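[1] next comes the sequence, and after it the predicted model I'd like to discuss.
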Amino acid sequence: MAKGYTQYYGVDYQETFASVAKLNTVRILLSLATNQDWPLLQFDVKNALLHGEISEEIYMDSPPGMTDSIGMKVCKLKKALYGLKQSPRAWFGRFTKSMKAFGYRASNFDHTLFLKRGKGRIKL
């Protein structure tokens, strides 16, 4: 886990992000599912933020106990870690790319809602 509290704006991250669904979207989806007798499923993606691919160059100190004869080294990150300010945006970017590959598109009203049209029907 990275120490997110040690990052400074303009030095080690551009902007933060949290993909939170709008409460009205959740209410509408629950209402539709109830009225249309749709099955509801919930998924918890374990270690989700670890699957984000970061686009910036980010370095962090080596974990405690990881030293060699030369001394302390730093690690260049290839993937996001929990605690980085960039991790939620990196994961959501990868998730969005996957959803688009399956033919879904993000709603203009709520970027966390993905829709897919097919044979006169909309899939959520």
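    On my side now, so go ahead.

[2] pretty sure Glu74 is touching Met60, no?
    One thing to correct before we go on: residue 74 is Val, not Glu. Yes - taking contacts as C-beta atoms under 8 Å, Val74 lies within contact range of Met60: 6.5 Å. C-beta here means a position set from N, CA and C on the backbone, and glycine is covered the same way.

[3] and those two? Which one has more around it.
    More crowded of Val74 and Met60, by other C-beta atoms under 10 Å: Met60, with 17 against 9.

[4] please report how far that one lies from Cys75.
    5 Å (C-beta to C-beta, to the nearest Å).

[5] for the residue nearest to Gly52 when sequence neighbours are not counted, helix, strand, or coil?
    Closest residue in space to Gly52, ignoring its immediate chain neighbours: Ala90 at 2.9 Å, by C-beta to C-beta, 6 or more residues apart in numbering. Classification of Ala90 using DSSP: H, G, I helix; E, B strand; the rest coil returns helix.

[6] break down the chain into its helices, ranges please.
    All helices of the chain, identified by DSSP state H, fall at 23-36, 87-101.

[7] among those, show me which one is buried the most.
    Burial of the helices of the chain is given as mean neighbour count (mean count of other C-beta atoms under 10 Å); helix 87-101 ranks first at a mean of 17.

[8] distance from that helix to the middle of the chain?
    A distance of 6 Å separates the centroid of the chain from that of helix 87-101, by C-alpha atoms, centre = their mean, to the nearest Å.

[9] what mean pLDDT does it have?
    In this model, helix 87-101 carries a mean pLDDT of 87.

[10] one more: stretch 37-54?
    Computed over stretch 37-54, the average pLDDT equals 80.

[11] ok, now stretch 62-80?
    Averaged over stretch 62-80, pLDDT sits at 70.
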